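Enquirer: For reference, the sequence and a predicted model appear below.
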Amino acid sequence: MYLQAAAGISPQPSFEQICSSPVVYPGNRLSCIEPDYTRRIDPRMIRRMSRIIRMGVAAALDCLKASGIGMPDAIITGTAYGCLKDTEVFLSKMVENKEDLLTPTAFIQSTHNTIGAQIALLLKCHNYNNTLVQRGFSFESALLDAISLLEDREAKNVLVGGIDELTDTSFALLSRFGSYRRSLADSTSLYEEQDRGTIAGEGAAFFLVSGEPSGNDYAKLEEIDTFYKPGGANRTEAYIRDFLTAHGIRMEEIDLVITGRNGNAKDDAVYEQIERAVFKDKATARFKHLCGEYPTASSFALWLAAHCLKEKKTPAGILWSGMEAAPRRILIYNHYQNTHHALYLLSAC
């Protein structure tokens, strides 16, 4: 399918430009740089929206504006955590008020499908609307749902997004499990030393996709595939080779490989073996020092790859090895906690 437009809100100034000069963050937590919402959303509605809803709605509206299409045939969102802040507010009030005199607003807005529903309400869109909640496969599931609609001719264009937020509570809980580095000078030092834990992140990325070219597309998504708990780096290597063979892809046809390296020694060991065995001598890049680690981080990688292909350049801040100034074909390989693995193949239009 074709990516007609792409918009994202992330810890980088991605709402305005590609990440040519990465913003450096101290410590082990990245937070989104949010735009001026009043330029995109009615201020009277903004005050009733939680932070994640504002990010999702703004990214979706900007994506539609860039595509020139005002009404999508379908809206599909993928999120693992949903509206965490609203969930926290409701649960906190329930404890504080001893389950008495509870207002339902926070509960209503805490459900995972609130973001997609809010976008539809603003657009007055009564078309297909679905939210996929599949942990590390949430965004991939949303894309596969969109592909099904396009293949079945049930939609001509689909608005697809991946979004997750980081709150103080979720950051504290995941830190207790050892998910994040205990000590990290800043985001640029994430890959300098291999250690336990990564850097926390969040983001929202939306795409308008179609089964037909528009003549001004960002990129073409040729293939997407996922695999679950492969059972070791050797099995992962075999699966990636099978993916390339099944789709008739030769390594010399791929200009750039973007991997989900996140600084966690256990997670990066998989990428290191794959790079040595499968992607040897290929230009490689990484992206999680820009957006952090979260279940739908692959949506940021897709946003980044789409912009690289459209603008015919690779930001120096993402390159890991080799040099590819103007890629024509990009392969993305990402895994979340070595459980949910995803492959994307994109080409320039």
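Expert: Great, that's in hand. Numbers count the residues shown, from 1 in each chain.
Enquirer: tell me which residues of stretch 70-79 are tucked away?
Expert: 72-79 (16 or more other C-beta atoms under 10 Å). Placement of C-beta: from N, CA and C, glycine included.
Enquirer: Return the subset of these lying in strands.
Expert: Those of the buried residues of stretch 70-79 mapping onto strands are 74-78, per DSSP state E.
Enquirer: Closest one to Ala269 out of the residues you listed, please.
Expert: Closest approach between these and Ala269, by C-beta to C-beta: Gly78, at 27.0 Å.
Enquirer: can you list the domains in this structure?
Expert: Using automatic domain parsing, the domain ranges for the chain come out as 2-210, 219-347.
Enquirer: May I see the ones you listed organised as a markdown table, with mean pLDDT added?
Expert: Shown next, in a markdown table, are the domains of the chain (pLDDT from 0 to 100):
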| stretch | mean pLDDT |
| --- | --- |
| domain 2-210 | 93 |
| domain 219-347 | 94 |
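Enquirer: Let me know whether Tyr191 touches Ala285 as I believe.
Expert: No: the criterion here is C-beta atoms under 8 Å, and Tyr191 misses it with Ala285 at 11.8 Å.
Enquirer: for the helix or strand hosting Leu64, which positions count as buried?
Expert: Element membership for Leu64 (DSSP states H and E) is helix 51-67. Using 16+ other C-beta under 10 Å as the test for burial, helix 51-67 gives 51-64, 66-67.
Enquirer: other SSEs contacting it?
Expert: Using 3 or more C-beta pairs under 8 Å, 6 or more residues apart in numbering; DSSP states H and E, the elements in contact with helix 51-67 are strand 2-9, helix 84-96, helix 114-123, strand 157-164, strand 203-210.
Enquirer: The last one pairs with which strands, parallel or anti?
Expert: By that I understand strand 203-210. Sheet pairing of strand 203-210 (DSSP bridges) gives strand 2-9 (antiparallel), strand 157-164 (antiparallel).
Enquirer: for those strands, which one ends up most surrounded?
Expert: Ranked by mean neighbour count, the strands paired with strand 203-210 are led by strand 157-164 with a mean of 29 (mean count of other C-beta atoms under 10 Å).
Enquirer: Pull the distance from that one to the chain's centre.
Expert: The chain centre lies 9 Å from the centre of strand 157-164; the measure is C-alpha atoms, centre = their mean, to the nearest Å.
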